[in-house]
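Participant: Pasting the sequence and the predicted coordinates here, then a few questions.
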Amino acid sequence: MFKGRAAIVTGSTSGIGHGIAEALAREGVNIVLNGIEKPEQIGELKDKLAGENKVKVAYSNANLMTREGAESLVALCAESFGSVDILVNNAGIQHVAPVDEFPPEKWDAILALNLSAAFHTIRMALPFMKKNGYGRIVNIASAHGLVASPFKSAYVAAKHGLVGLTKVVALETAELPITCNAICPGYVWTPLVEKQIGDQAKAHGIPRERVIREVILEPQPDKRFVKVEEVAALAVYLASEAAAPVTGTAVSIDGGWTAR
Ligand code: NAD
């Protein structure tokens, strides 16, 4: 079903994005990996993904905080594989601080990567999807795309924006063989969360163990971290032909967080 399709997964050198790239590659999808690590650090990752799954893998360390970076990433996929069938907007960063102490440059960076990059990749990828007659856009939002938490002004604003963008793109493509959905995970154990524990400890003035129990997993009723593979399986479903009528949704995978 997927064999020979081409996918871009932004921020796929780590965490959730890497899990999604692996899961798509297992289905026979050719992958454009992206992340800001040094190229030599990526070589092994790229060869492993290609070798284990017998798919083609390209890599770009484009900085998606810039418009040019997003444009070059889509161009690389089209040049390497002839089209763009699946676009997973996953790259994201976080910063935790009270709004009146929030560094403006962090606000700009979070909005640029977590929201504007998706606009740029989508606007560049849609013409290829329309031409090819197949398009699946999966935006990795967050439970914070649906509800808020203190100290995360930029992240919550960007993720709510990403859910909004998802709905608009879904409506504009509704009569075409293209879908656009958002995935809204609760906490998934990745380097992004690991970093937050220190920041949250500082913001709340409590030790790490209490941050994990009382802050991080507090809103997640099942009291466990979502697994990367669980998010990846959902992304593969949304990218599949079977998910054709699923569009404009924000799918929660959060252990019941947003059911409250
Ligand atoms: P991560 O820190 O493990 O990985 C981030 C990826 O983004 C890396 O590949 C990194 O190289 C890339 N990246 C960073 N800056 C970039 C830039 N300027 N240009 C291009 N790539 C860049 O993060 P993660 O936890 O896997 O998060 C992935 C996505 O999932 C993010 O959008 C995040 O907001 C979202 N999310 C994560 C969680 C969680 O609990 N981990 C929960 C909900 C949503």
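Facilitator: The structure has been received and is ready for your questions.

Participant: Only C-alpha atoms from now on, for both contacts and neighbour counts.
Facilitator: Will do.

Participant: Show me what from the stretch 1-150 of the chain comes close to the ligand.
Facilitator: Applying the criterion C-alpha under 6 Å from any ligand atom, the portion of the stretch 1-150 of the chain that neighbours the ligand consists of 11-17, 35-37, 62-65, 90-93, 140-142.

Participant: Are any of these buried, and if so which?
Facilitator: The neighbour-count test (16 or more other C-alpha atoms under 10 Å) marks 11-17, 35, 62-65, 90-93, 140-142 as buried among those.

Participant: Of these, which belong to strands?
Facilitator: By the criterion of DSSP state E, membership of those in strands covers I140.

Participant: In helices only, show me the buried ones among the residues of the stretch 1-150 of the chain next to the ligand.
Facilitator: Within these, membership in helices is found for G15, I16, G17, as judged by DSSP state H.

Participant: okay, those residues in a markdown table with pLDDT next?
Facilitator: Conversion of those to a markdown table gives the following (pLDDT from 0 to 100):
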| residue | pLDDT |
| --- | --- |
| G15 | 96 |
| I16 | 98 |
| G17 | 98 |
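
Participant: Could you count how many residues lie near Y237?
Facilitator: Here the neighbour count serves as a burial measure; for Y237 (other C-alpha atoms under 10 Å) it reads 13.

Participant: Also W189?
Facilitator: W189 - counted by other C-alpha under 10 Å - has 15 other residues nearby.

Participant: close to the ligand, is the lengthiest helix in the chain?
Facilitator: Residue-count comparison of every helix in the chain, with assignments taken from DSSP H, identifies helix 153-172 as the longest. No - counting by C-alpha under 6 Å from any ligand atom, no contacts exist between helix 153-172 and the ligand, the nearest distance being 7.6 Å.

Participant: Strands of the stretch 101-250 of the chain, residue ranges please.
Facilitator: Listed from the start of the chain, the stretch 101-250 of the chain has strands (DSSP state E, counting those that start in this stretch) covering 135-140, 178-185, 250-253.

Participant: got those strands as CSV, with mean pLDDT columns?
Facilitator: Supplementary listing: the strands of the stretch 101-250 of the chain in CSV, determined by pLDDT from 0 to 100:
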stretch, mean pLDDT
strand 135-140, 99
strand 178-185, 99
strand 250-253, 98
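
Participant: and these as JSON lines, adding distance to E229?
Facilitator: What follows is the strands of the stretch 101-250 of the chain, written out as JSON lines (distance: least, C-alpha to C-alpha, whole Å):
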{"stretch": "strand 135-140", "distance to E229": "14"}
{"stretch": "strand 178-185", "distance to E229": "12"}
{"stretch": "strand 250-253", "distance to E229": "12"}
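
Participant: Tell me which of those strands sits nearest to L24.
Facilitator: Between L24 and the strands of the stretch 101-250 of the chain, the tightest spacing by C-alpha to C-alpha is seen for strand 135-140, at 12.4 Å.

Participant: Sheet-wise, list the partners of the closest one with their directions.
Facilitator: The strands beside strand 135-140 in its sheet (DSSP bridges) come out as strand 86-89 (parallel), strand 178-185 (parallel).
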